[in-house]
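In: Okay, predicted coordinates and the sequence, questions at the end:
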Amino acid sequence: MSAFYANYTPSQRARIVRSIQMMVLPRTANMSNMITTETGEKMVYRRYASLYFIVGLPDGANELLALEEIHLFVEVLDQYFGNVCELDIIFNFHRAYAVLFEVIMGGHIVEGSKKEAIEQITKQDVLIEEVNAANSGQRRDHSNEENGLSYTMQMQLGRRPTKQINHTLSF
Amino acid sequence: RGLQNFISDLRNAKSKTDESNRVAKELANIRAKFTNSQSLSSYQKKKYVWKLVYIFMLGYDVNFGHAEVVSLVGSAKYSEKQVGYVAMSLLLKAGDSMMNLVINSIRNDLVGSYDDAATSLALVSIANVSGIELMNALHVEVQRVLVSPNATPAVRKKAALCLLRLIRQLPDSIASKEFAEHIATLLQDRHLGVLTSTMSLLIGMASKHEMEYQTMIPYAIHILSSLVLKRACGADYLYYRTPSPWLQIKLLRFLQYYPDLMSSGQTYVPTLKQILARILNDTDVSDSINKSNADHAILFEAISTIVVFGDNGDVELQNAAMRLLGKFISVREPNIRYLGLMTMSRLATLHNASNKEQIKTYQSTVVVSLKDADISVRRRALDLLFVMCDSTNAESIVDELITYLVAADAGIREQMVLKIAVLAEKYALSKKWYVDTILKLISISGDQVSDSIWHRVIVIVTNNPEGDLQQYVAQTMFDVCSSKTAHPKAVAVGSYVLGEFGFLIAEEAGKSGDVQFKVLHQHWAVVDSATQGIMLTAFAKMSNLYAELQPVIGPIFMKLKTSVDIELQQRSNEYRILATLGPDVMEDILREMPAFDTEKVSTLEIALEQEHTETHDKNIFSKKKFENGDGGSAAPPARMVGNHAANRPPGPPPTEEPEPDLLGGFDEPEIAAVVPPPAPAPGSSHKAAVGISEDQIPAMRTSFAKLCGSPQGVLFQDPHVQVGVKSEYRGSQGRVQLFVGNVRVSFSTGLASHSYPLRLPVVATKFAEPLVVNKEAFMGRWTQLAGKEAQEIVATGIPGSPARMQSVVALLASLNLGRCPEVDNAASASGCGTYKTGAKDGQGKNISVGMLVRIEANGDKFRVTARTMHQTVSTGVKNVIVAALKTI
């Protein structure tokens, strides 16, 4: 899953995602969460179990804050899906995007408040009851697979890594 | 439902091919469904669009379905609209043809609707896609939403961010003055979400026109003080107990656009100081990583602000920041250490004396990070060491870096080598230490040592003849090259140094000329041809110094005279012939090189500043004085060749003329001899070059003018040489051949270099194609172009006659101009042609410029008038004709 805030062709996007993967995946937990590439692009990433959240930053952006922006997004996802897991995001990618767009818009954080963001998203969902109704059963199934554990908890249990998720902001 | 199954299917795909087969099948299915989309239910439509989005996310090309996305956006049902907008944000990008179709729907949602949700969706999508079409079409509406009194906070904050995206693309779409007032109103909003996004917008605006938003500073400081000093913040906006870190950081960031703030004497300065001091003093590591990150994010932003305030800022704050960073660079937490190192490099640029001392105490701490497992940390540590280096600690830092270089990985080596080289030169206490350092670099990491680094060594050694530096270096290089495994770059340096300064050690036991030769020659087979070239020059110098080597070196040149490498071939031939010209010539040409011009700033530092540019382009040797001969090719040996090429006795003199500026040149109708002769070749004792003598100039003018109208002829002739020109033109392209011949069978020039700056007869009319037109067309155009004419009256001193007019007509024809017979009479001639340029117009076609000329005779005078679309062309054509008229 990725979002770009500058114009790239699909092949450029694929190349960017690939090169980011190559840089981020070999890094170990005791390394910093910040990378500056040879060509000067800055990236900040955060890992939640098998999920990587990666953002590209413009020059001069605050790296630690970007880390917390990622966390805010994850918290909102977590609260919205109720103990979010990877499968929630995969099978409900459209709703994950809706959350992303509510938290981060055009590469900028919209809200510093988790509560406000959740309120906005649920308000939207009320308007789409039909979609909601169709989905709720499905969602619970996958939560069961994961024993209803949140990512943070799964991470502590050393749970299965499957696929990573990339989320790239404003290069 | 279908979407979930589809995703499951793809996840269960056994291989990549399996997956792409499934995707291809589904794409075909969706395409079929969409072709008669009337029959699709709302549910189906949404489902297929989601599938497309999913396929797109997996990295497949999705090049249809845009129309369905557009129709969903325009739907009256919110659920459809939502799908449409999200899909649009992902699938569509600026420049897609569908973009124009969707604009109207978006506009309706922005202004026509009383529905917050739809407005929000529209704003979010505009910001995410931010195509120029959307921006152009909708920026007015977005501004209206932002300042509308009825907008809810949720809509307002989105409108602010949307507008920010917009002004990034169209910076001038907003009138700053009036807009500042709107921002001021927004900054008084109590909703922190609105404040946060307004600050984002304000930062975007201030980055373009900071003066216009100066009045916002008090607001920003006010908000900041209530967040930092009073901790006034609603519970929703506490992020792990920290009052909205986002807003705090944006406020600080905004203040960074006003670096003179601290010394402005405004009433808010003490408050600002208090705020910064509070952030510096009260930030602490906490047990929650999130709180700790958020707090340190604010802290680092505050330090950045202090750095931006610079030397006008508060010294105590600077010192406090330095002390904090000193702590950070020794913590284990990698993020804080990384940022600490980075921020300390910035803080170190301030001229704060106590900080400068303080920072030196951290040297050993930084060195620890240089060995960190994390490349990000290593890079920052390297940067910091580089900044904290001065003449007191350079030796220890450079030694430290060199020790580490042995173990460093490829990712960082090149940068390290460059930085070490710069530090070693900049802060060297002794030149010997500098040379040793670079030699160490070559032996440890020769592949990363760019040519400019070792060229620099040679410049410095050559320019410091005092003391025993040159002898020392010759000695060292002799020792280095004695090893069979010496690095090729070391051999290059060794070849140059022994060729130049080998004689200084030749008296010592075991280092005589022939031993030196053997030491170098053993590397011949393994070095590249550039180094071989340097070696050849060294050999030539050696054979001049040590007669016993001539029988050995002569055959080497002999063998290479048929080398496939053109440079080696040329050098060996030249040096071979040189040996036959007698000892005096050889002595003079092969003597030591004179001192180089040194530039104040080492080019290495320039290279470092432009970190990612290729360093070898910026060669230290490419200076103007080598234009002579090889035309400024770069390395030191080329310079030596240049040196003697200019002296080359009976060879063709270099005819040189800078790239002819076809039109511009004509503003200066003078031909030749206006170019000063090139500076004397460096290093030789001889006088200024022999060139064109004054009395040849009139003859040159005539031959130049003649050649303007003819494809071949003699351009220049003096007692020694003759230069002929032959040219061919087609459209915008031309080929010019030069023939240089000796007038005399033999002559000796002594030691004078000859230089003949000649202008080639490449003029505007050479690129013309003749046109014959009728009177109407000619006069019509003539009047149209009245504003762009060039005119000159030429006195020839020969009375006019019909026969003379005939030769004028012939002249015009020779200049590739057609004519318009109907407007000509006994006293006037016309010319008409098209000037074909190689320049491209908007459609990529070559631009052609129509040219019209009239020549009117009056007694012995001609009035020449040229009219074209471009003034420069008019002047150019006029000048050619004027020059040519003087010859008939």
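Out: Cool, the structure landed.
In: where exactly do the strands run in chain B?
Out: B:238-239, B:242-243, B:712-717, B:721-730, B:733-742, B:768-770, B:789-795, B:828-840, B:846-858, B:861-868 (DSSP state E).
In: Using the three-state scheme, assign A:Met43.
Out: strand (DSSP: H, G, I helix; E, B strand; the rest coil).
In: excluding its backbone neighbours, what's nearest it?
Out: Nearest residue to A:Met43 in three dimensions, chain neighbours excluded: A:Ile35, at 4.6 Å (C-beta to C-beta, 6 or more residues apart in numbering or on different chains). C-beta: built from backbone N, CA, C; applies to glycine.
In: distance of B:Asp364 from B:Ile412?
Out: I think there's a mix-up here, since residue B:364 is Ser and not Asp. Applying C-beta to C-beta, to the nearest Å, the value for B:Ser364 to B:Ile412 is 20 Å.
In: With neighbour numbers in mind, choose between these two.
Out: Remark: of B:Ser364 and B:Ile412, B:Ile412 carries more neighbours, 18 against 10, as counted by other C-beta atoms under 10 Å in any protein chain shown.
In: Check what pLDDT the more buried one gets.
Out: On the pLDDT scale, B:Ile412 is placed at 79.
In: ditto for B:Ile420
Out: 87.
In: next one: the one 3 residues further on
Out: B:Leu423 is assigned a predicted lDDT (pLDDT) of 86.
In: Verify the stated contact: it with B:Glu400.
Out: No - applying C-beta atoms under 8 Å as the test, B:Leu423 and B:Glu400 come out as separate, 10.9 Å apart.
In: These two: which is more packed in?
Out: Neighbours of B:Leu423 and B:Glu400, each counted by other C-beta under 10 Å, are more numerous for B:Leu423; the result is 22 against 17.
In: List the contacts of the more buried one.
Out: By C-beta atoms under 8 Å, 6 or more residues apart in numbering or on different chains, B:Leu423 lies in contact with B:386, B:389, B:394, B:397-398, B:401.
In: can you do 10 Å?
Out: B:385-386, B:389-390, B:394-395, B:397-398, B:401, B:434, B:437, B:604 (C-beta atoms under 10 Å, 6 or more residues apart in numbering or on different chains).
In: what's near enough to touch B:Lys484?
Out: So B:Lys484 contacts B:519, B:522-523, B:526 (C-beta under 10 Å, 6+ apart).
In: Now do it, the pLDDT please.
Out: 85.
In: ok, now B:Ala681?
Out: 40.
In: Could you do B:Ala673 as well?
Out: B:Ala673 is given a pLDDT of 36.
In: Could you do B:Ala24 as well?
Out: For B:Ala24, the model assigns a pLDDT of 88.
In: That one against B:Asp18, yeah?
Out: No - B:Ala24 lies out of contact with B:Asp18 (C-beta atoms under 10 Å); the separation is 11.0 Å.
In: which stretches of chain A form helices?
Out: A:10-24, A:63-81, A:86-91, A:93-103, A:114-127, A:129-145, A:151-157 (DSSP state H).
In: OK, contacts around residue 127?
Out: Since you didn't name a chain, this refers to chain A. The contact partners of A:Leu127, by C-beta under 10 Å, 6+ apart, come to B:77-79, B:81-82, B:115, B:117-118.
In: sorry, should have said chain B
Out: A:5, A:101, A:104-108, A:110, B:89, B:134, B:142, B:158-159, B:161-166.
In: Just the buried ones among these, please.
Out: For those, a burial check counting by 16 or more other C-beta atoms under 10 Å in any protein chain shown picks out A:5, A:101, A:104-108, A:110, B:89, B:134, B:142, B:158-159, B:161-166.
In: I'd like to know how far the nearest residue to B:Glu141 once chain neighbours are set aside sits from chain A.
Out: Leaving aside its sequence neighbours, B:Glu141 sits nearest to B:Leu110 (C-beta to C-beta, 6+ apart; 4.6 Å). Distance, B:Leu110 to chain A, using C-beta to the nearest C-beta, to the nearest Å: 15 Å.
In: and if you look at B:Phe386?
Out: Counting by C-beta to the nearest C-beta - B:Phe386 and chain A are separated by 15 Å.
In: shaky segments in chain B?
Out: Applying pLDDT under 70 to chain B picks out residues B:1, B:37, B:94-95, B:112-114, B:130, B:175-176, B:597-691, B:742-754, B:842-844.
In: make that chain A, sorry
Out: Using pLDDT under 70, chain A drops low at A:38, A:129-171.
In: Just give me the residue right at the centre of it.
Out: The C-alpha lying nearest the average C-alpha coordinate of chain A belongs to A:Phe53 (C-alpha atoms, centre = their mean; 5.1 Å).
In: Counting neighbours, what do you get for the closest residue in space to that one that isn't next to it in sequence?
Out: What sits nearest to A:Phe53 in space, not counting adjacent residues and going by C-beta to C-beta, 6+ apart, is A:Ile70, at 4.5 Å. Using other C-beta under 10 Å, A:Ile70 has 23 neighbouring residues.
In: who are the neighbours in contact with A:Ile70?
Out: A:33, A:44-48, A:52-55, A:104, A:167, A:169.
In: wait, B:Ile453 sits on B:Ile442?
Out: Yes - look at B:Ile453 against B:Ile442 with C-beta under 10 Å: they come within range, at 8.5 Å.
In: Next, show the common contact partners of those two.
Out: In contact with both B:Ile453 and B:Ile442: B:417, B:489, using C-beta under 10 Å, 6+ apart.
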